[in-house]
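K.L.:
Sharing a model that was predicted from the sequence below.
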Amino acid sequence: METLNQIDYHRIEKAIDYLKVNFKQQPSLEDVAAHVYLSPFHFQRMFKEWAGVTPKKFLQYLSIEYAKGILKDQQSTLFDAAYETGLSGTSRLHDLFIKIEGMTPGEYKNGGAQLQINYSFAESPFGSLIVAATPKGICYMAFADDADLAFQELQQLFPNAKYRQVLDMMQQNALYIFGKDWSRLQELKLHLKGTDFQIKVWETLLKVPVGELSTYSAIASAIDNPKASRAVGSAVGDNPVAFLIPCHRVIKSTGELGQYHWGSPRKTAMIGWEAAQTDLSL
């Protein structure tokens, strides 16, 4: 059974999808509200509580022109050390707070038989999540529209690990990232199973600030492998930690947002939500 938060998020996701599809017709507030079976007043209030801005303002963040503008502005500076130093702590959240440690072959051999993994389910602005951690760090975070299926997908990564459904401090700290007050955030460690190449790509994704966007080719260039755009795309798609490693910020060079492991509508919602939070904090 869905919680009220889940119901509201799915209404918002449905509304954003409707706005995108019907962008050229410039749908009215009444049209969008009717599409999600709410009154215009209730819809506007729910949407503004979620995003901090009106649906009309939010739609600006989803245009190809807006995305192209961001890509153009940061084309030569995104991964520049001087540029990074000048960014605010909020924009550099992932880069400053999150560190990746790769699992050793001994840790994930035999299906992770040596691993003790705690996991739990939680709410986020983008729907339900499953989050899991070893004693060394977060090893998995995924959107969980179906709790049973989400746990099965975690088990497929480490079929022989020992699992315990409990919320520990490591998971709790990871979930603070969805709040608007990051003062309680401590350094987050991610303990990930991946090849050297994958981990290099995931570490580079951490340098894409909140409210900014990048492309597969820009990530490939940043890891000194400019011809590896396709391999970068595969590594981005294999990201085991949703949102914390911000693979949703990687889009096509055309400005189109592209696909997402947990659904294109969710990626659209995340990009718009982050753009709105960044604007509100300026």
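P.N.:
Cool, the structure landed. These numbers were taken from a predicted model, which means no experiment stands behind them.
K.L.:
The nearest residue to residue 226 once chain neighbours are set aside: how many residues sit nearby?
P.N.:
Residue nearest to residue 226 in three dimensions, not counting chain neighbours: residue 220, with 5.3 Å by C-beta to C-beta, 6 or more residues apart in numbering. Backbone N, C-alpha and C define where each C-beta goes, glycine included. Using other C-beta atoms under 10 Å, residue 220 has 21 other residues around it.
K.L.:
list the contacts for residue 220?
P.N.:
226-229, 231-232 (C-beta atoms under 8 Å, 6 or more residues apart in numbering).
K.L.:
do the same with residue 158
P.N.:
108, 111-112, 115, 117, 139, 193.
K.L.:
neighbour-wise, which of the residues you listed leads?
P.N.:
residue 139 (28 neighbours).
K.L.:
That one - that's part of a strand, no?
P.N.:
Yes. Assessed by DSSP: H, G, I helix; E, B strand; the rest coil, residue 139 belongs to a strand.
K.L.:
Please report phi then psi for the spatially closest residue to it that is not a sequence neighbour.
P.N.:
Counting by C-beta to C-beta, 6+ apart, residue 191 is the residue found nearest to residue 139 once chain neighbours are left out, at 5.0 Å. Dihedral angles of residue 191 (phi, psi; degrees, to the nearest 10) stand at phi -110, psi 100.
K.L.:
Retrieve the pLDDT associated with residue 191.
P.N.:
Residue 191 carries a pLDDT score of 97 in this model.
K.L.:
I'd say it and residue 137 touch.
P.N.:
Yes. When contacts are counted by C-beta atoms under 8 Å, residue 191 is listed as touching residue 137 (3.6 Å).
K.L.:
Pull up the overlap in contacts between those two.
P.N.:
With C-beta under 8 Å, 6+ apart as the test, residue 191 and residue 137 both reach residue 101.
K.L.:
circling back to that earlier point, OK, contacts around the residue nearest to residue 139?
P.N.:
101, 103, 133-134, 136-139.
K.L.:
which residues in the stretch 101-250 of the chain form strands?
P.N.:
In the stretch 101-250 of the chain, the strands defined using DSSP state E, counting those that start in this stretch lie at 116-124, 127-134, 137-143, 162-165, 188-192, 214-215, 250-251.
K.L.:
Present the ones you listed as a markdown table; the columns should include distance to residue 4.
P.N.:
Converted to a markdown table, the strands of the stretch 101-250 of the chain look like this (distance: least, C-beta to C-beta, whole Å):
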| stretch | distance to residue 4 |
| --- | --- |
| strand 116-124 | 10 |
| strand 127-134 | 12 |
| strand 137-143 | 18 |
| strand 162-165 | 23 |
| strand 188-192 | 28 |
| strand 214-215 | 35 |
| strand 250-251 | 31 |
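K.L.:
just so I know, which of the ones you listed lies nearest residue 33?
P.N.:
Within the strands of the stretch 101-250 of the chain, the stretch nearest residue 33 is strand 127-134; the backing value is 20.7 Å (C-beta to C-beta).
K.L.:
Distance from the closest one to the middle of the chain?
P.N.:
13 Å (C-alpha atoms, centre = their mean, to the nearest Å).
K.L.:
contact partners of it?
P.N.:
Against strand 127-134 from outside (C-beta under 8 Å, 6+ apart): 3, 6, 9-10, 13, 107, 115-123, 138-145, 147, 150-151, 154, 168, 170-171, 174-175, 191, 242, 266.
K.L.:
Just want the most central residue of this protein.
P.N.:
Most central in the chain under C-alpha atoms, centre = their mean is residue 243, positioned 2.5 Å from the mean C-alpha point.
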